[in-house]
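Asks: Task: produce atomic coordinates for the following.
(one chain, ligands or ions: 1)
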Amino acid sequence: MRVVVTGAAGFIGSHVVDAFSGAGHEVLAVDAPGRSLAPEVARRTWAKVAVGPGVVAAEVDLAVDGLEAVAAADVVVHLAGRPGVRCSWGTGKAAARRDNVVATRRLLAACLERPARLRPKVVIASSSSVYGSAGRRPNREDDPLNPASPYAASKVEVERLAGSAAGSGLRTVLLRYFSVYGPRQRPDMAFHRFVDAALDGRPLPVFGDGRSSRSFTHVRDVVAATLVAAAEDLRPGIAVNVGHHEPVAVRDAIGMLTGILGVRAEIRREAPVAGDAARTWADTGRAREMLGWTATTGLADGLADQIAWHRGVHEEVRVG
Ligand SMILES: NC(=O)c1ccc[n+]([C@@H]2O[C@H](COP(=O)([O-])OP(=O)(O)OC[C@H]3O[C@@H](n4cnc5c(N)ncnc54)[C@H](O)[C@@H]3O)[C@@H](O)[C@H]2O)c1
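Replies: Residues are numbered from 1 along each chain as shown. Purely as a prediction, here's the structure:
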């Protein structure tokens, strides 16, 4: 199978490239590392991803460049974009629009331009943030959407574009990812910031009081769901939650994390982030039914895995 992965220099995308390449597929890895929230990190990841077996890497800015080669695939896994609620306020709003909405609109249009029998299936990253905060029960895919930040609004727009492309004959699938963590997690994300701070002996920077909870989902599980979604014949335009079924409070996750690290870390409280959900909670019924998927990595094991990765990176930096 010829697979295109966009966002291939990113956290989730780099793991997805590794998985497709490891399974023997031909992969066109696409990214514009300069558009990353952390361009230096993306460039380092890019250099590693590009040398995988069967992988060809192409620097393409999806918001401006020609996309014929990107659309010429059996499957496009579209993970490129501007992630993050916090950075989407202020000047970040234009970047969220450009790299999420404009890039996706252009990608879908390029796929639709191909003759019907040569159009790829397109698996697209959406986000739990489209729901806003969960209430007393987990969010199901047919719940009303309630975006509370420019980032979330951009993902709602991405979903609308995917729905309309499905109506025009493109096989699109939306995966609503929930707080992904694990090796290579983005430096702006909570666990990355906590582990780095703890390893450096600094207080852990926590937004709000730590009572908010998340369906934290290990990247290994996210990759597994993404590969199944790429392979299965699903109703075009369908959205599927890709999240762990048990939410955990941030302060409990910190307790686990410091326990694994064997430190008593001080907490530095920072103002809560506008638009951040008090709770995300994935209903996983559809993922079980349509993908035969459920998250299997518990938070303690997943955190141990992420911490081992951070220790390796710190060691690499130490020995130069
Ligand atoms: N990490 C999470 O917890 C999470 C949760 C929900 C949804 N998502 C979504 O999953 C996707 C991947 O997230 P991630 O955490 O791996 O982010 P990431 O920032 O690590 O990866 C995104 C990549 O997209 C690239 N990119 C941005 N704009 C581009 C453009 N115009 N053209 C080409 N490449 C471009 C960046 O350079 C970056 O390497 C994003 O769409 C994100 O919104 C992530």
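
Asks: drop to CA atoms for contacts and neighbour counts, all remaining ones
Replies: Will do.

Asks: Return the per-residue confidence for the closest residue to A224 other than its chain neighbours.
Replies: The shortest distance from A224 to any residue other than its chain neighbours is 7.9 Å, reached at W293 (Cα to Cα, 6 or more residues apart in numbering). W293 is assigned 98 on the pLDDT scale.

Asks: Same check on H314?
Replies: Reading off the per-residue confidence, H314 sits at a pLDDT of 86.

Asks: my guess is T294 meets T284, correct?
Replies: Yes. With contact defined as Cα atoms under 8 Å, T294 and T284 form a contacting pair (7.0 Å).

Asks: any residues in contact with both of those two?
Replies: H244 (Cα atoms under 8 Å, 6 or more residues apart in numbering).

Asks: Would you mind checking the average pLDDT for the helix or strand containing F191?
Replies: Element membership of F191, judged by DSSP states H and E, is helix 190-200. For helix 190-200, the per-residue pLDDT values average out at 97.

Asks: Name the next helix or strand following it along the chain.
Replies: Downstream of helix 190-200, the first helix or strand assigned by DSSP H and E is strand 204-207.

Asks: For the stretch 151-300 of the chain, which residues are neighbours of the ligand?
Replies: Among all residues of the stretch 151-300 of the chain, those adjacent to the ligand (criterion: Cα under 6 Å from any ligand atom) are 177-180, 186.

Asks: quick check: angle from the helix or strand of the chain with the lowest mean pLDDT to helix 190-200?
Replies: Lowest by mean pLDDT, DSSP states H and E among the helices and strands of the chain is helix 299-319, with a mean of 92. Helix 299-319 and helix 190-200 are oriented at 50 degrees to each other (axes from the mean of the first three to the mean of the last three Cα atoms, to 10 degrees).

Asks: just the CA coordinates of helix 299-319, formatted as CSV?
Replies: Extracted in CSV, the C-alpha atoms of helix 299-319 (Å, rounded to 0.1, in the frame of the first residue of the first chain):
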residue,chain,number,x,y,z
LEU,A,299,-1.3,5.4,32.7
ALA,A,300,1.3,4.0,35.1
ASP,A,301,2.9,1.9,32.4
GLY,A,302,2.5,4.6,29.8
LEU,A,303,4.2,7.2,32.0
ALA,A,304,7.0,4.9,32.8
ASP,A,305,7.6,4.5,29.1
GLN,A,306,7.5,8.3,28.5
ILE,A,307,9.9,8.9,31.5
ALA,A,308,12.4,6.3,30.1
TRP,A,309,12.4,8.2,26.8
HIS,A,310,13.0,11.6,28.6
ARG,A,311,15.9,10.0,30.5
GLY,A,312,17.4,8.9,27.2
VAL,A,313,17.1,12.4,25.7
HIS,A,314,18.6,14.0,28.9
GLU,A,315,21.5,11.5,28.7
GLU,A,316,22.1,12.3,25.0
VAL,A,317,22.2,16.0,25.8
ARG,A,318,24.6,15.4,28.8
VAL,A,319,27.1,13.4,26.8
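
Asks: Which positions within it qualify as buried?
Replies: Of the residues in helix 299-319, 299, 302-304, 306-307, 309-310 count as buried by neighbour count, 16 or more other Cα atoms under 10 Å.

Asks: do the same with stretch 115-134
Replies: Counting neighbours by 16+ other Cα under 10 Å, one finds that the buried residues in stretch 115-134 are 119-134.

Asks: Which of the residues of the stretch 151-300 of the chain next to the ligand fall within strands?
Replies: Counted as lying in strands by DSSP state E, out of these, are 177, 180.
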